[in-house]
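J.: Fold the following.
(one chain, ligands or ions: 1)
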Amino acid sequence: MKLPNITILDEKDKRLHQKSEDVVFPLSKEDKQMIKDMIDYLTMSQIEEEREKYDLRAGMGLSAVQVGVMKRIFVIVEETEPEKFKNYIVINPKILSHSEEQIFVGEGEGCLSVNREVDGIVPRYARMTVKAQDMDGHPYEIRVREDISIAFQHEIDHLNGILFVDKIDPKNPYKNQKNMREI
Ligand code: NI
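T.: This next block holds a predicted model:
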């Protein structure tokens, strides 16, 4: 595989703190290419050999804003079995419903735009139903749970200009841990 030519913005960039805009269909050629590039990048970052070859950080999700495009688009690449990947392309997402139950990533969340160690946890819904559109603009609904539910919430936050670090109280980074389930 060839490493796509994308630059991921760092948290200091003010675009990462701005709200992205709804996507109007049809997608442009550039937007389609960007989606493909983001998927390829994430896929390669999850393959050890490629990750080492190109000195990548492993990631499972990317939002358009992270490559400087202020549109409500994100992708998630899930390794379902060794070196087999499932892609999620999510455009104009809306959360229709979510569980009462909250969960958190025990080792802490990561983000390809946050290049430092961060202490603390982020409360996330264990399950959600999300409405979105695919690359052709067709609406669909998807039910997500556990790590994929967390990834969706992390990326939807990006579309609203919020980073996971913004949700951690530095004075009490493990707040409410007892009320949530660790994954
Ligand atoms: Ni992120």
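J.: Contacts only, for the closest residue in space to residue 118 that isn't next to it in sequence.
T.: Distances taken as C-beta to C-beta, 6 or more residues apart in numbering place residue 165 nearest to residue 118, at 5.5 Å, with adjacent residues excluded. Glycine gets a C-beta too; all of them are placed from N, C-alpha and C. Contact partners of residue 165, counting by C-beta atoms under 8 Å, 6 or more residues apart in numbering, are 11, 111, 114, 118.
J.: hang on, the first one is in a strand, isn't it?
T.: Think residue 11. No - under DSSP: H, G, I helix; E, B strand; the rest coil, residue 11 sits outside any strand and is assigned coil.
J.: dump the residue contacts of it.
T.: Residue 11 touches 111, 113, 114, 115, 163, 165, counting by C-beta under 8 Å, 6+ apart.
J.: ok, now which ones touch the first one?
T.: Counting by C-beta under 8 Å, 6+ apart, residue 111 touches 11, 59, 154, 163, 164, 165.
J.: closest to residue 28 among those?
T.: residue 59 (24.5 Å; C-beta to C-beta).
J.: That closest one and residue 42 touch, don't they?
T.: Yes - with contact defined as C-beta atoms under 8 Å, residue 59 reaches residue 42; the gap is 5.5 Å.
J.: quick one, which of these two is more surrounded?
T.: Neighbour count, other C-beta atoms under 10 Å: between residue 59 and residue 42, residue 42 has more, with 24 against 21.
J.: picking up where we left off before, between which two of the contacts of residue 111 is the distance greatest?
T.: Within those, 59 and 165 form the most distant pair, 15.5 Å apart (C-beta to C-beta).
J.: helices or strands up against the helix ranked longest in the chain?
T.: Scanning the chain for the helix with the most residues, using DSSP state H, yields helix 29-45. Applying 3 or more C-beta pairs under 8 Å, 6 or more residues apart in numbering; DSSP states H and E, we find helix 29-45 packed against helix 48-54, strand 61-63, strand 73-81, strand 84-98.
J.: could you give the angle of it to strand 73-81?
T.: 30 degrees (axes from the mean of the first three to the mean of the last three C-alpha atoms, to 10 degrees).
J.: buried stuff in helix 29-45?
T.: Buried residues in helix 29-45, counted by 16 or more other C-beta atoms under 10 Å: 31, 34, 35, 37, 38, 39, 40, 41, 42, 43, 44, 45.
J.: The third one reaches residue 74, doesn't it?
T.: In other words, residue 35. No - judged on C-beta under 8 Å, residue 35 makes no contact with residue 74 at a distance of 9.4 Å.
J.: Provide a list of residues in contact with residue 85.
T.: Counted by C-beta under 8 Å, 6+ apart, residue 85 has contacts 43, 46, 77, 78, 79.
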